[in-house]
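Visitor: got a predicted structure plus its sequence, pasted below:
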Amino acid sequence: MKKGANDDFIKFVLVVDDEEVNREMLGFILGSSYEVMYASDGDEALDKMRSFSDILSLVLLDIMMPGKDGYQVLEEMSHDPSLQTVPVIVLTSDKEAEIRSLQLGAADFLTKPYDQPEIILARIRHSIDLYENTNLIHATETDALTGLYNKEFFFEYCNQYDKHHTDISMDAIVMNINRFHLLNAMYGRHFGDKILCAVSNRIRHNVMIHGGMACRYDADSFYLYIPHVDDYEELYRSIVMGLTELIKDGESRLRMGIYSNVSGDNNIEEDFAWALQACNLIRNRIGSGFAFYDDEMHRKQIREATLLDDFEASLENGEFKVFYQPKFRIMKNKTVLSGAEALVRWGHHKFGMLYPGEFIPLFEENGKIRKLDRYVWTEVGRQIRKWHEDFGVFLRVSVNVSRIDMYESDITGFLSDIVLDNDIPDGDFVLEITESSYTENSQQIVDVVNRLRAIGFKIEMDDFGTGYSSLNMLYSLPIDALKIDKEFMGEITTDERAKKMVELVIDIAQFLDIPTIAEGVETEAQYDIIKGAGCDIVQGYFFSTPLNVDDMTEMIRERKDDFG
Ligand code: C2E
Ligand code: CA
């Protein structure tokens, strides 16, 4: 493959001579084997070299020229890092000049009047080969374990390849072995190495078939740069054999992210970053082992980067707004306002109103959620106080607490300050903690929740039914209310089992003396079912969407005498 890299490319040679007849003659000799460029003086030569340094294979340089002569050109080249590695053959009729030019870094010399064309061509080829081999030896270093290229050489090679094959459309592919570190831990390093070699062999086999190149990027990931293929299913299946011949079904999986039809003008490392995104997208996804980086992903990525960039300034400019979705207590013949859930919205200066589904997961990934949540909690504390001042009632408001918040050592202090500063009675500032937080790191969460309850906070377990806590876990978990996930609501009117499930949850909660809240109630039919099942509180579009502060204030004004 290395050989192909050197031999197949069109090579560029720059002929520098002040005399037109010499330029023409050399051009004539070289023309059939090389792409020839010309310069008629030292300055023009240096300009051209700088512009084409990365595709230039050789310079033929006349020593005796008016203005900047060949020595000066060699001298300048030796100080310019981009030109230091371009081989130069000097053109001279003077023995003295030969020695001096060699000392200045020339690779070889040709004497005037010129020898036979064959000899000239042979010496040129020799110099180019020598130069390329030295460069290759410098960069080659394949990965010792798998024999694939290392990443430095790989990227260098991809760049070279692109330069000389502008007409070939390429695919950048990233492959990764799921849970490789676990396989290593379970079966030992030696076995892990065996897996890596088996996968590498399959990759090498495919690169031989399709052309292109591949490297081991790091421990368990591989990069492939191959001419565009249409059948990825086949490619994937062929490479995955390396893995499936060694391990049991389900122990691991090969993931493949593809950025297809890469244009040679792009930055190659960036192309692979996109392919990597696609590869990461399917990290936890069941189904196909490969995914594409497409325009939509690209747009999403850019948008996410913008949102992250804008976060701090938006927070300062008050672009984040707290909305309140009312909760109603179910009475025999009516419902009464019993509280509200605080839900954040982002009135983004450019994108307009954004909903938490778009930015909360993003902020959870990099910790910005802590700052946002604290902002929301502080706003809510102030607002509860204000409503009390205006209407003489305390509206019980629940806020969402991200799992990330639960690992902050000062969370209890921060929250209790809000309650104290605003004189909020115990139990009127409620915390919603999602069920999956409990199941992910149970003991840690339980400890924090216990501390929060000890200082007077009420805790609602949010999204119940989406995590993995079993019903009997409810006995032991410290919670004050259970919010049944809105997913159930969509199903209870059509699916008898979903309905039974919700009824059972409500029964058990009643037995444990824990009130239940049904969220996402959108229709009367849904309401009738959960009311019939004995649910205590409802929240959902059927009763009210989340409201801005003014509308929520209006609702409190209207209903302040009938609170539940
Ligand atoms: P969640 O805690 O499950 O909140 C309920 C979500 O259901 C809200 O979406 C609400 O607008 C929506 N919803 C309410 N009634 C209905 C209904 O009848 N039908 C349907 N289909 N949906 C309904 P929203 O406001 O987009 O919030 C999404 C999630 O973002 C919330 O889910 C919560 O987990 C999170 N979130 C919202 N605000 C905050 C916050 O300040 N901090 C943190 N950490 N998370 C927040
Ligand atoms: Ca919630």
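Guide: The structure has been received and is ready for your questions. Numbering: from 1, shown residues only. Ligands and ions are numbered 1, 2, ... in the order given.
Visitor: please enumerate the helices of the stretch 351-500 of the chain.
Guide: 356-366, 368-391, 411-421, 435-440, 442-454, 473-476, 486-492, 496-511 (DSSP state H, counting those that start in this stretch).
Visitor: could I get those helices as TSV with mean pLDDT and mean neighbour count?
Guide: To be clear about C-beta, it is placed using only N, CA and C from the backbone, and glycine gets the same treatment. Converted to TSV, the helices of the stretch 351-500 of the chain look like this (pLDDT from 0 to 100; neighbours: other C-beta atoms under 10 Å):
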stretch	mean pLDDT	mean neighbour count
helix 356-366	92	15
helix 368-391	97	18
helix 411-421	97	16
helix 435-440	77	19
helix 442-454	90	15
helix 473-476	74	12
helix 486-492	92	19
helix 496-511	91	16
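Visitor: CSV for these, including distance to Ala219?
Guide: What follows is the helices of the stretch 351-500 of the chain, written out as CSV (distance: least, C-beta to C-beta, whole Å):
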stretch, distance to Ala219
helix 356-366, 22
helix 368-391, 29
helix 411-421, 36
helix 435-440, 26
helix 442-454, 29
helix 473-476, 37
helix 486-492, 38
helix 496-511, 43
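Visitor: redo these as TSV? Include distance to ligand 2.
Guide: Converted to TSV, these look like this (distance: least, C-beta to the ion, whole Å):
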stretch	distance to ligand 2
helix 356-366	10
helix 368-391	12
helix 411-421	16
helix 435-440	11
helix 442-454	15
helix 473-476	18
helix 486-492	10
helix 496-511	17
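Visitor: could you dump those helices into JSON lines with distance to ligand 1 added?
Guide: Formatted as JSON lines, the helices of the stretch 351-500 of the chain follow (distance: least, C-beta to the nearest ligand atom, whole Å):
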{"stretch": "helix 356-366", "distance to ligand 1": "3"}
{"stretch": "helix 368-391", "distance to ligand 1": "4"}
{"stretch": "helix 411-421", "distance to ligand 1": "13"}
{"stretch": "helix 435-440", "distance to ligand 1": "11"}
{"stretch": "helix 442-454", "distance to ligand 1": "15"}
{"stretch": "helix 473-476", "distance to ligand 1": "19"}
{"stretch": "helix 486-492", "distance to ligand 1": "5"}
{"stretch": "helix 496-511", "distance to ligand 1": "15"}
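Visitor: any buried residues in stretch 525-534, and which?
Guide: 526-527, 529-531, 533 (16 or more other C-beta atoms under 10 Å).
Visitor: so it, near ligand 1 or not?
Guide: No: Stretch 525-534 is not in contact with ligand 1 by C-beta under 6 Å from any ligand atom; minimum separation 8.8 Å.
Visitor: for Gly456, see how far away Val448 is.
Guide: Using C-beta to C-beta, to the nearest Å, one gets 15 Å for the distance from Val448 to Gly456.
Visitor: right, I mislabeled it, should have said Phe542
Guide: Taken as C-beta to C-beta, the span from Phe542 to Gly456 is 32 Å.
Visitor: re the thing from before, of the buried residues of stretch 525-534, closest to Gly27?
Guide: Distances from Gly27 to those, taken as C-beta to C-beta, are shortest for Gln526 (83.8 Å).
Visitor: would you agree the closest one falls within a helix?
Guide: Yes: according to DSSP: H, G, I helix; E, B strand; the rest coil, Gln526 belongs to a helix.
Visitor: give the buried residues for stretch 404-411.
Guide: 404-406, 411.
Visitor: quick check: closest non-adjacent residue to Thr142.
Guide: Spatial nearest neighbour of Thr142, chain neighbours left out: Tyr149 (5.5 Å); criterion: C-beta to C-beta, 6 or more residues apart in numbering.
Visitor: need the pLDDT of that neighbour.
Guide: You'll see Tyr149 listed with a pLDDT of 89.
Visitor: which ones are touching the nearest residue to Pro356 once chain neighbours are set aside?
Guide: Spatially, and ignoring its direct neighbours in sequence, Pro356 is nearest to Val344 (5.6 Å; C-beta to C-beta, 6+ apart). Applying C-beta atoms under 8 Å, 6 or more residues apart in numbering, one finds that Val344 lies in contact with 320-323, 356, 360, 372, 376.
Visitor: any chance of the residues you listed in a markdown table, with distance to Met208 too?
Guide: What follows is the contacts of Val344, written out as a markdown table (distance: C-beta to C-beta, whole Å):
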| residue | distance to Met208 |
| --- | --- |
| Phe320 | 55 |
| Lys321 | 59 |
| Val322 | 60 |
| Phe323 | 59 |
| Pro356 | 50 |
| Ile360 | 47 |
| Leu372 | 52 |
| Val376 | 57 |
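Visitor: and of the residues you listed, the nearest to Cys215?
Guide: Checking the contacts of Val344 one by one against Cys215 (C-beta to C-beta), the nearest turns out to be Ile360, at 37.0 Å.
Visitor: next one: that closest one from Lys483, what distance?
Guide: Taken as C-beta to C-beta, the span from Ile360 to Lys483 is 17 Å.
Visitor: kindly report the same for Val549.
Guide: Using C-beta to C-beta, Val549 is found at 23 Å from Lys483.
Visitor: the more surrounded of the two?
Guide: Comparing Val549 with Lys483 by other C-beta atoms under 10 Å, the one with more neighbours is Lys483, at 27 against 15.
Visitor: look up the residues forming beta bridges with the residue nearest to Thr142.
Guide: Tyr149 has these beta-bridge partners by DSSP bridges: Thr142, Cys215.
Visitor: burial count for it?
Guide: Counted with other C-beta under 10 Å, the neighbours of Tyr149 add up to 25.
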